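[1] with the input below, show me the fold.
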Amino acid sequence: MEQLDTLRLILTRKCNYSCSYCCNNIPEITNEIVSMTDQEIYNYLKYNINIKNVCITGGEIFLEKEAENLIFIHLLLFLFPDKNFYFYTNGSHYINIIDFLKSCKMYGQIDAVKGINISYEIIFELKNLIVKQKRIENYHE
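    The predicted structure is shown next:
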């Protein structure tokens, strides 16, 4: 039997977008979701030594309302520094992402953060915001 090396955690269903390509809209994935308590997640990671990667997603895990999830993530990073953590986000709350990364660095957890995958839709939005901001700044000069 094949050993799994990745655990995918959906910490919240709350999201401020409804992306058409979101994996949380794919029945083959959502039908296999198992609810776990924080303690069960801890035990699963502790006793399944083959798990090397932890992918954390939602909904949107960096929503301001989801602060308790960030505390739990920091706890996982502290308890399992040997795991590779990947985060999936739409990137709309980029200030929260930056703050999260700063706190990971401050707590000595940054090496466990192997990647943050940002939705491509938000990149276009951010680019448009930057262009609009530059136009406003140029207008006032």
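
[2] for residue 119, which residues are in contact?
    Shown in contact with residue 119 (C-beta atoms under 8 Å, 6 or more residues apart in numbering): 17, 19, 89-91. For glycine as for every other residue, the C-beta is placed from the backbone atoms N, C-alpha and C.

[3] let's see that with 10 Å instead.
    By C-beta atoms under 10 Å, 6 or more residues apart in numbering, the residues touching residue 119 are 17, 19, 21-22, 60, 88-92, 125.

[4] separation between it and residue 76?
    23 Å (C-beta to C-beta, to the nearest Å).

[5] cool, and residue 54?
    Taking C-beta to C-beta, one finds residue 54 at 7 Å from residue 76.

[6] from residue 73, how far off is residue 110?
    13 Å.

[7] again, but for residue 43
    17 Å.

[8] kindly report the same for residue 14.
    15 Å.

[9] more neighbours: which of these two?
    Set residue 14 next to residue 73 and count neighbours by other C-beta atoms under 10 Å: residue 73 wins out with 23 against 13.

[10] wait, is the more buried one part of a strand?
    No - counting by DSSP: H, G, I helix; E, B strand; the rest coil, residue 73 falls outside a strand, being helix.

[11] what sits against the nearest residue to it once chain neighbours are set aside?
    Spatial nearest neighbour of residue 73, excluding adjacent residues (C-beta to C-beta, 6 or more residues apart in numbering): residue 56 at 6.2 Å. By C-beta under 10 Å, 6+ apart, the contact set of residue 56 is 7-11, 69, 72-73, 76, 85-89, 116.

[12] so residue 73 makes contact with residue 83?
    No - with contacts counted by C-beta atoms under 10 Å, residue 73 stays clear of residue 83, the gap being 11.7 Å.
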